[in-house]
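Visitor: sequence and predicted structure, then a few things I'm wondering about:
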Amino acid sequence: MTVVRSTLPEDARRIAGDALQSTLVDLLGLSLIGKQAHWNIVGPRFRSIHLQLDEVVDTARSYSDTVAERAAALGLPPDGRPETIASAYTLPGPKEGWQRDNDVVALMMETLETAIGRLRERIAATEKADPVTQDLLIGITAELEKQRWMFDAENWPRD
């Protein structure tokens, strides 16, 4: 059933829709990972990393709404149901229990790097199909790269 009509041809809509749905899953999962780490971090850098995790969560939640609304504008129902996220999410996540500050930084860098790599693939895929979706994905990538940089700076000085 199509409720909202898209201005895109069907092939372009499918490419954009796949990119948007995968991004939605990554962003919703990233927000959950960020909160899980936020609640369970321990160590001497607790406060700074605790606050940085909230920034990641806020970014992921804000962009997930924008991504879902872009999909809806293209006539594609976004799927952010818990069972969809649980079954489709593939980014690295935290272990159970308390997490040392160093481990949280390493986890967030790995998770963000993976998400950024996947976004770059989607940017390439949507270049011709839908430059509007591509532009959205570029903006998300820039913000996640900024967040990754901030975690990387927590590792200074390096051994």
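Guide: Structure's in. What do you need?
Visitor: gap between the lengthiest helix in the chain and the chain center?
Guide: Among the segments of the chain that qualify as a helix by DSSP state H, the longest is helix 10-40. Distance, stretch centre to chain centre, for helix 10-40: 5 Å (Cα atoms, centre = their mean, to the nearest Å).
Visitor: now do the buried residues in it.
Guide: 12-13, 15-17, 19-38 (16 or more other Cβ atoms under 10 Å). Where you see a C-beta, it was placed from the backbone N, CA and C, and this is true even at glycine.
Visitor: which strands and helices lie in contact with it?
Guide: helix 46-73, helix 82-88, helix 101-126, helix 131-153 (3 or more Cβ pairs under 8 Å, 6 or more residues apart in numbering; DSSP states H and E).
Visitor: cutoff 10 Å now
Guide: With contacts taken as 3 or more Cβ pairs under 10 Å, 6 or more residues apart in numbering; DSSP states H and E, helix 10-40 sits against helix 46-73, helix 82-88, strand 99-100, helix 101-126, helix 131-153.
Visitor: okay, which residue is most central for the protein?
Guide: L27 (3.0 Å; Cα atoms, centre = their mean).
Visitor: hang on, isn't that residue packed against S62?
Guide: Yes: judged on Cβ atoms under 10 Å, L27 makes contact with S62 at a distance of 9.0 Å.
Visitor: need the residues touching each of those two.
Guide: Here L27 and S62 have I140 as joint contacts, going by Cβ atoms under 10 Å, 6 or more residues apart in numbering.
Visitor: understood, closing this out.
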